[in-house]
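J.: I would like the atomic coordinates for the input below:
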Amino acid sequence: MNDAGFIPQRKVYAYTQTINALPEEVFPLLCPVREAEWLDEWDYSMIYSVTGFAEPGAVFSTSSPGEQDTIWIVTKHDRQNMIVEFTRFTPFNRTCVLRIRAMQLNEACSSVDIEYVYVSFSEEGNDYLRNYSKDEFDKNMKFWEDSMNHYIATGTLLKKKK
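T.: Predicted structure coming up:
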């Protein structure tokens, strides 16, 4: 609690996807640039990257309706262990650490562990966390899983149903 009586909230959501490709094929897709190839409505602006792709220290932004730009930093990009971590900052609202790890499940599939750790730093952030349910999170992760599997199988984008 701070001096004004504000109590920040913390919420952790996790999901495991099964992707029909080996980790070596999945891991490069966990990048803001490559994500636009397979995730419908993904929109980003690259702010800084030496290679133009995800790498330690890369910075990009995204926007959502009703929110200011969210700033993302790639805080870990470990190709050897297939782990990527993003730290997000949504002004006047919340932070989030997103950790993703791709592991071989069998000879043709990967298990992709995803964890989002949110912390609010305003009443608006508390409202966001209060209203963002596990069911909504799971629905988003399932669409992400279906989208990546569709892209891997067809090379095309899976469109969201309107």
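J.: can we go C-alpha only for contacts and neighbour counts from here?
T.: OK.
J.: Strands of this protein, residue ranges please.
T.: Counting by DSSP state E, the chain has strands at residues 10-19, 45-48, 59-62, 70-78, 83-90, 94-104, 110-120.
J.: nearest residue to the residue most central in space within the chain other than its sequence neighbours?
T.: The residue lying closest to the centre of the chain (CA atoms, centre = their mean) is Leu98, at 5.8 Å. The shortest distance from Leu98 to any non-neighbouring residue, by CA to CA, 6 or more residues apart in numbering, is to Tyr116 (4.6 Å).
J.: Surely that neighbour touches Val12?
T.: Yes. Tyr116 is in contact with Val12 according to CA atoms under 8 Å; the separation is 5.7 Å.
J.: Those two: which has the busier surroundings?
T.: Tyr116 (19 against 13; other CA atoms under 10 Å).
J.: Which secondary structure elements does the longest helix along the chain sit against?
T.: The helix spanning the most residues in the chain, taking DSSP state H as the definition, is helix 134-154. Packing contacts for helix 134-154, counted by 3 or more CA pairs under 8 Å, 6 or more residues apart in numbering; DSSP states H and E, involve strand 10-19, helix 32-38.
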